[in-house]
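Colleague: I'd like to go over a predicted model; first the sequence, then the structure.
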Amino acid sequence: MAEARTIVAMSTFPWLKGHGTENDFVLLPDPDGSVHGDLDPALVRFLCDRYAGIGADGVLRVIEGSRQTYVEDGGEWFMDYRNADGSTAQMCGNGIRVFVRYLVDEGLTTAKPVRIGTRAGVKEVVLNDDGTITADLGEPALPGPAGIVVEADGHQWPATHVDMGNPHAVVFVDDLREPGPLVDPPGWSPESAFPHGVNVEFVTRQGPHAVTMRVHERGAGETRSCGTGTCAVTVASARAARQERPVTYRVGVLGGEVSVTWRADNHVELTGPAVVHARGEFDRAWLPSGREFGTPPGR
């Protein structure tokens, strides 16, 4: 890992905004790690606030892999991802596509694939000829325990624990309206199954290789899409249907559709769109004091 860099307290800094199937992010360019250091959770919450800030489900700090101090192998570029509540997350499937879209658009990489460092390891990402982006998110884990139950809006369902570098509880339902508004995080038992919280996906089958889903992400609430969640759903769906690998699913989310392939070698590939659509300059003087920020519930 690289040595820590001196943090320059600049009064302004650049930002961009992008989304993958409407799962949206603020990007903070910080190539040598000197602008933001270890991101202030209060700054993240303010940037993600949809009324007082820019508005997003999370923040992606863009830092050269050799300049980061979090993991041994930071890849060519390291994706320092933070949830909207300021907490740190290991991985983000939609975020990594937006991250690479930014790198390609800015001419910061020509690698095929580009190696992106994350707290869940290095991921290889490729820009396809049709403009979509494919990320190899590695091998899923199914750590258990058996008998996990998820509860929301007065209903209970059995759940499957799938780990994609971050934890997911996949629930099959008859109707996506069953979990209710998902303003509050769903509950689960046993509590020990997810000591650090969990992303919960509610899924309905649309065919032998097609599903639709809603998701409540830890640290962000219900989002329009969750990339690692679509991968977890594909793994759980294929296992439930006793389908052999390789297998590809179309996964519909509130913000669009992605394609997920569970390969014969046990790796999971996520393919979908990603765009960067806004940019600006932020002045630290705009940060208010004495007030907590965060994505308002029920947005």
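Modeller: Sure, I can see it.

Colleague: All the helices of this protein, residue numbers only.
Modeller: Here the chain has its helices, by DSSP state H, at 41-48, 93-105, 227-240.

Colleague: So which of these is nearest Phe25?
Modeller: helix 93-105 (5.4 Å; C-beta to C-beta). Glycine gets a C-beta too; all of them are placed from N, C-alpha and C.

Colleague: Okay, angle between that closest one and helix 227-240 too, please.
Modeller: 130 degrees (axes from the mean of the first three to the mean of the last three C-alpha atoms, to 10 degrees).

Colleague: who touches helix 93-105?
Modeller: With contact meaning C-beta atoms under 8 Å, 6 or more residues apart in numbering, helix 93-105 is reached by 16, 18-21, 23, 25, 27, 58, 60, 62, 77, 79, 81, 108-109, 114, 116, 118, 123, 125, 127, 133, 135, 137, 164, 225-231, 270, 272-276.

Colleague: Weed out the non-buried ones from those residues.
Modeller: 16, 18-21, 23, 25, 27, 58, 60, 62, 77, 79, 81, 108-109, 114, 116, 118, 123, 125, 127, 133, 135, 137, 164, 225-231, 270, 272-276 (16 or more other C-beta atoms under 10 Å).

Colleague: residues in contact with the most centrally placed residue in the chain?
Modeller: Note on the chain: the residue nearest the mean C-alpha position is Cys92, at 2.5 Å, using C-alpha atoms, centre = their mean. Neighbour list for Cys92: 25, 58, 60, 79, 81, 227-228 [criterion: C-beta under 8 Å, 6+ apart].

Colleague: what's the pLDDT at it?
Modeller: You'll see Cys92 listed with a pLDDT of 96.

Colleague: One more: Asp24?
Modeller: With respect to pLDDT, Asp24 scores 98.

Colleague: If we ignore the residues flanking it in sequence, what's nearest it?
Modeller: Nearest residue to Asp24, sequence neighbours excluded (C-beta to C-beta, 6 or more residues apart in numbering): Ala56, at 4.9 Å.

Colleague: Next: Ile133.
Modeller: Setting aside the residues directly before and after it, Ile133 is nearest to Arg97 in space (C-beta to C-beta, 6+ apart), at 4.2 Å.

Colleague: rewinding a little: thought Trp15 was touching the residue nearest to Asp24, still the case?
Modeller: No. Counting by C-beta atoms under 8 Å, Ala56 does not reach Trp15; the two are 9.8 Å apart.

Colleague: how about low-confidence regions in the chain?
Modeller: 1-10, 290-299 (pLDDT under 70).

Colleague: tell me the domain boundaries of it?
Modeller: As assigned by automatic domain parsing, the chain contains the domains 12-136+274-286, 149-266.

Colleague: The closest residue to His196 other than its chain neighbours: neighbouring residues, count only.
Modeller: Once flanking residues are discounted, His196 sits nearest to Pro167: 7.4 Å by C-beta to C-beta, 6+ apart. Neighbour count of Pro167, defined by other C-beta atoms under 10 Å: 22.

Colleague: can you check the one 10 residues further on too?
Modeller: By other C-beta under 10 Å, 11 other residues sit near Arg177.

Colleague: Next: the one 5 residues further on.
Modeller: Leu182 has 20 neighbours, counted by other C-beta under 10 Å.

Colleague: got any residues that touch both of Ala56 and Trp15?
Modeller: Joint contacts of Ala56 and Trp15 (C-beta under 8 Å, 6+ apart) are 26, 47.

Colleague: Of the two, give the one with the bigger neighbour count.
Modeller: More crowded of Ala56 and Trp15, by other C-beta under 10 Å: Ala56, with 24 against 18.

Colleague: contacting residues around the more buried one?
Modeller: With the criterion set at C-beta under 8 Å, 6+ apart, Ala56 makes contact with 17, 24-26, 47-48, 84.
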